[in-house]
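Enquirer: Give me the fold of what follows.
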Amino acid sequence: MERDKRLVFDTIPEKFDKWRVKYNPALFDYLIKTTGLGEGKSCLEIGPGTGQASDFAIKSGCDYLAIELGEHLAAKMKEKYSSYPNFHIVNADFETYDFGDKKFDFIISAATIQWIKEDIAYTRVFDLLKNGGYLAMCLMRSEYESDNPALYEDIQKVYDKYFVTNQPYDQKFDYMNGEKYGLTFIEEKSFPGRREYNADEHNEYIGTHSTHIALKEEYTEPFFGGIRDAVIKHGNKIVFNDSYVVYLYRKD
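Expert: Numbers count the residues shown, from 1 in each chain. Predicted coordinates for the structure are as follows:
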């Protein structure tokens, strides 16, 4: 039986936890201020991974529930957050899990919801939100070309030659389509960030990307070796300019 492509990150829980980027705290401050999340409110996080966007909600004191498809990722979440009495998690599929009559004041996804078919994702979110509840969909956009165009060019040559992957993510998701499913669009906001890696750190980081995990075996060594050599050639440093983006909706 073919492995569920959505479980690609479940193969690397420790590496995922160490290298996946945490969001700009200002984004979470904005969400708390805008949605009023805190004690007396309920939150559902869809696919938390190992908690890259979970701290703020759990530490707000809200009644927090995560639903995580990956068994090993869910175990990591329990390891990190089980001491919080308001923390709860189910190892299950958001697309099919029976939440009973549970409704939420706030639902959040951080670079996860796009793995779910759009109509299922928005329809389920709409049904699970209380009237007046919020949906926040977060993601990160990054670029390193502007900081070092020559490094970018050399890295692209490696991608052109060796990046042959069994793409695990192959569906479309439009973050601006929520109104089609009955939600009211509030706004899109972006918060800046900046990261710097040496060659080995950068390889560890990109090794947590779904497409890179799925590289065809015969291309793995020359690909990562070529990327490492390119970064070393350009001073053993690569700098990412990040934008942490949130799309916010409300159920009226």
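Enquirer: biggest helix in the protein by residues?
Expert: Taking DSSP state H as the criterion, the chain has its longest helix at helix 217-233.
Enquirer: quick one: low-confidence ranges for this protein?
Expert: Scanning the chain for pLDDT under 70 picks out 1-7, 167-170.
Enquirer: hmm, back to that, dump the C-alpha coordinates for the helix or strand that comes right after the longest helix of the chain into CSV.
Expert: Next helix or strand after helix 217-233 toward the C-terminus (DSSP states H and E): strand 238-250. Below are the C-alpha coordinates for strand 238-250, written out as CSV (Å, rounded to 0.1, in the frame of the first residue of the first chain):
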residue,chain,number,x,y,z
ILE,A,238,23.4,31.9,3.0
VAL,A,239,20.9,34.5,4.2
PHE,A,240,17.2,34.2,3.9
ASN,A,241,14.8,37.2,3.9
ASP,A,242,11.5,35.9,5.2
SER,A,243,7.9,37.0,5.2
TYR,A,244,5.6,35.4,7.7
VAL,A,245,2.2,35.7,6.3
VAL,A,246,-1.2,35.2,7.9
TYR,A,247,-4.6,35.1,6.1
LEU,A,248,-7.4,35.9,8.6
TYR,A,249,-11.1,35.0,8.2
ARG,A,250,-14.1,35.2,10.4
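Enquirer: Show me which residues of strand 238-250 are buried.
Expert: 238, 240, 242, 244-250 (16 or more other CB atoms under 10 Å). To be clear about C-beta, it is placed using only N, CA and C from the backbone, and glycine gets the same treatment.
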